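**Student:** Provide a 3D model corresponding to the input given below.
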Amino acid sequence: MPSVSLTKGLRSEYQTLFDSCVIDSGKSGEVEALITKLGNHRERYFAVAEALNIPWYFITVIHNMESSQDFSCHLHNGDPLSARTVHVPQNRPPKGLPPFSWEESAIDALKLKRLHRWQDWSVAGLLYKLEGYNGWGYRLYHPHVLSPYLWGYSSHYKGGKYTADGRWSDAAVSKQCGTATLLRRMAEKALVELPLPPLKQSVARHMRQGLSWVRYSSQGPLPYARELQEFLNTFPGIYIKPDGWPGEKTSEAFQKVTGYYLQGDPRVGQ
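**Tutor:** Numbers count the residues shown, from 1 in each chain. A predicted model of the protein is given here:
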């Protein structure tokens, strides 16, 4: 299958989609459960990540998509570790004898994609490699559908998918949480800290002067706070849930953009 280059335009697309990603309300409980489950195995992800110098959260979201966080399956495609892979890519790992450990298979899968040589782990770089891990079929042959491998369970995906290798259905709907969707929620919960590009100071000044009347609240939602949260989410590297409650995370996002916490935040003046 032809490859796709990470152009300036594609970088911008990835960042815009990630910044505007909203989890489907009906799937939020399932997404929270997935995040809790993957947190129970963080040390295993860390071990592989450290061996290859790859962010641990990149591995977790692939593991969730490829084998539902099952450590008895190959990271390549979800085939059982009791034998070499049967589905594409076939006959992996090429060395050693089954049954394979999850770690040795995972390292083989990631090296096969040359991810241990990849250096750009920005949001755009992450999403580029995540989409490439699954393949470019959506982007090249069905561009009207954003890949559910990235955007399943989010506002960016409604339907259309490959039901088997090379078999397309406009009516089929993915039943998995996309890797980007999962990463977005992890960022919202401050479980991962993604690289923050430089912010436009003129816009930050505008926010400080025009939106600082939204005060900090430790009790619950306030008027216009949701609008502030949605605006903050348009900045690269800001990922907060737009729930109308301008608490600690909203104030921290406001401070990251403007240099100031919201009025009423206990940290003001410290």
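
**Student:** Leu75 reaches Lys111, doesn't it?
**Tutor:** No. Leu75 lies out of contact with Lys111 (CB atoms under 8 Å); the separation is 10.9 Å. Just so you know, the C-beta spots here come from the backbone N, C-alpha and C atoms, and that holds for glycine as well.

**Student:** and Glu66, how many neighbours?
**Tutor:** Glu66: 23 surrounding residues under other CB atoms under 10 Å.

**Student:** one more: the one 5 residues further on?
**Tutor:** Number of residues near Phe71 (other CB under 10 Å) recorded here: 15.

**Student:** right, and it touches His41 too?
**Tutor:** Yes. Between Phe71 and His41 there is a contact under CB under 8 Å: 7.2 Å.

**Student:** so Glu13: helix, strand or coil?
**Tutor:** Of the three states, Glu13 takes helix under DSSP: H, G, I helix; E, B strand; the rest coil.

**Student:** pLDDT wise, what is it at?
**Tutor:** Looking at Glu13, its pLDDT is 94.

**Student:** measure it to Val123 for me?
**Tutor:** Distance of Glu13 to Val123, computed by CB to CB, to the nearest Å: 11 Å.

**Student:** comparing those two, which shows the higher neighbour count?
**Tutor:** Val123 (25 against 14).

**Student:** how about that one, what does it touch?
**Tutor:** Contact partners of Val123, counting by CB atoms under 8 Å, 6 or more residues apart in numbering, are Tyr14, Gln15, Phe18, Leu194, Pro195, Pro236, Gly237.

**Student:** just curious, which of those residues is nearest to His144?
**Tutor:** Among these, Tyr14 lies closest to His144 (CB to CB), at 17.7 Å.

**Student:** didn't the closest one look like it was pressed against Lys129?
**Tutor:** No. If you go by CB under 8 Å, Tyr14 and Lys129 don't touch, sitting 10.6 Å apart.

**Student:** point to the helix or strand of this protein where mean pLDDT is at its lowest.
**Tutor:** Ranked by mean pLDDT, DSSP states H and E, the weakest helix or strand in the chain is helix 201-210, scoring a mean of 51.

**Student:** shaky segments in the protein?
**Tutor:** 1-2, 196-213, 259, 269-270 (pLDDT under 70).

**Student:** show me how it divides into domains.
**Tutor:** 8-180, 201-258 (automatic domain parsing).

**Student:** of those, which is nearest Glu188?
**Tutor:** Here domain 201-258 is closest among these (CB to CB), at 4.8 Å.

**Student:** strands of the stretch 101-250 of the chain, start to end?
**Tutor:** Assigned by DSSP state E, counting those that start in this stretch, the stretch 101-250 of the chain shows strands spanning 161-164, 167-169.

**Student:** other SSEs contacting the first one?
**Tutor:** Counting contacts by 3 or more CB pairs under 8 Å, 6 or more residues apart in numbering; DSSP states H and E, the secondary-structure elements packed against strand 161-164 are strand 167-169.

**Student:** pull up the pairing partners for the strand it packs on, direction included.
**Tutor:** In the sheet containing strand 167-169, its partner strands are strand 161-164 (antiparallel), by DSSP bridges.

**Student:** count the residues that sit near the nearest residue to His116 once chain neighbours are set aside.
**Tutor:** In this structure, His116 finds its nearest non-sequential neighbour in Leu52, 4.1 Å apart by CB to CB, 6 or more residues apart in numbering. For Leu52, the count of nearby residues is 16 (other CB under 10 Å).
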